[in-house]
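# My questions are about this predicted structure, shown below with the sequence.
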Amino acid sequence: MNHSEIRKEVARVIDKLPKEFREQLRNVEIVVETRPSKELLLAEGLDPREDTLYGIYQGVPLPDRSALDPPLLPDKITIFAEPLLEDFPDPDELREEIRLTVLHEIAHYFGMEEEDIEDLGY
């Protein structure tokens, strides 16, 4: 699988979501990038020499928003292709990890904390 195929797989995951969830993601930019920057890893409390990310949500979770807030920039979910390709050489395992990663980051957008997401298996 390559970057283009990962983008297609991410799109497939989104397309399989129930309509009411897809509609709420209209203002979320979902992109595939090569790998997380050293600065991003450090900002997330990770060691760039040992750690990586498969994906990240950046924005204001829905439950934390108010109608009184000024307009916000679009939220962003980034999926990182190279760490996924390196850690999941088997195509079926890679597709499953892409699915889990996308759903994990979407859960953050909907306001779920790491522990709650892990309890759901994402």
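Structure's in. What do you need? Residues are numbered from 1 along each chain as shown.
# Quick check: the gap between the most centrally placed residue in the chain and residue 49.
Nearest to the mean C-alpha position of the chain, by Cα atoms, centre = their mean, lies residue 105 at 3.7 Å. Computed as Cβ to Cβ, to the nearest Å, the residue 105 to residue 49 distance reads 24 Å. (Glycine included, C-beta is placed from N, CA and C.)
# And for residue 22?
Going from residue 22 to residue 49 by Cβ to Cβ gives 38 Å.
# Any idea how many residues pack against residue 32?
Look at residue 32: counted by other Cβ atoms under 10 Å, it has 21 neighbours.
# For it, give the beta-bridge partners.
residue 79 (DSSP bridges).
# Looks like residue 27 contacts residue 73 (just checking).
No. Counting by Cβ atoms under 8 Å, residue 27 does not reach residue 73; the two are 9.4 Å apart.
# Tell me who's in contact with the nearest residue to residue 3 once chain neighbours are set aside.
For residue 3, ignoring the flanking residues on the chain, the nearest one in space by Cβ to Cβ, 6 or more residues apart in numbering is residue 81 at 4.8 Å. By Cβ atoms under 8 Å, 6 or more residues apart in numbering, the contact set of residue 81 is 3, 6, 32-35.
# make it 6 Å
Counting by Cβ atoms under 6 Å, 6 or more residues apart in numbering, residue 81 touches 3, 6, 32, 34.
# now the strands for the protein?
28-33, 55-58, 75-80 (DSSP state E).
# Distance to residue 92 and mean pLDDT for these - can I get that in TSV?
Shown next, in TSV, are the strands of the chain (distance: least, Cβ to Cβ, whole Å; pLDDT from 0 to 100):
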stretch	distance to residue 92	mean pLDDT
strand 28-33	19	95
strand 55-58	19	94
strand 75-80	18	96
